[in-house]
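J.: Provided below for reference: sequence and predicted model.
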Amino acid sequence: MPYEIEESAIIDGCPRLGILSFIVFPLIAPSLAAAAVICFFGGWNEFQFAVTFLMDPDLWPAAVGMASFIGEYETPLSAVMGTALMFSIPAVCFSFSFNARSSQA
């Protein structure tokens, strides 16, 4: 963000808190939202790290737990599908909340 925008607000007599709340934050809000979405889904999909380093099943994220349902001879599809639904609900709600905010702006 160009510093000249802040300087023009100072010249116009806007207080420091007003500069942050009315000028700086609305201009950087889309960048913060994009960074939040990328970080959220980056951490959400960290399957390989969890499989490699976490040996305790109590510490496994949902993706690793869901993959552990798949057996050699049998796979309980009802448990896999139920877990997949529960696993995807937070990610869908998170992305819908950011899409709703971005369409209002």
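T.: Structure's in. What do you need?
J.: for the residue nearest in space to the middle of the chain, what are its contacts?
T.: By Cα atoms, centre = their mean, the chain has its centre lying nearest to Phe40, at 2.6 Å. Applying Cβ atoms under 8 Å, 6 or more residues apart in numbering to Phe40 gives the contacts Ala91, Phe94. Where C-beta positions appear, they are placed from N, C-alpha and C, glycine not excepted.
J.: Quick check: the gap between it and Thr83.
T.: 20 Å (Cβ to Cβ, to the nearest Å).
J.: Repeat that for Phe69.
T.: From Phe69 across to Thr83, the span is 7 Å (Cβ to Cβ).
J.: Now the helix or strand in which Ala79 is found: buried residues?
T.: Using DSSP states H and E, Ala79 falls within helix 77-104. Neighbour-count burial for helix 77-104 flags Thr83 (criterion: 16 or more other Cβ atoms under 10 Å).
J.: Centre of the chain to that helix, how far?
T.: Distance, stretch centre to chain centre, for helix 77-104: 11 Å (Cα atoms, centre = their mean, to the nearest Å).
J.: Distance of the closest residue to Ala91 other than its chain neighbours relative to Met55?
T.: Leaving aside its chain neighbours, Ala91 sits nearest to Trp44 (6.0 Å; criterion: Cβ to Cβ, 6 or more residues apart in numbering). Distance of Trp44 to Met55, computed by Cβ to Cβ: 21 Å.
J.: The two: who's more crowded?
T.: A count of neighbours by other Cβ atoms under 10 Å puts Trp44 above the other of Trp44 and Met55, at 16 against 7.
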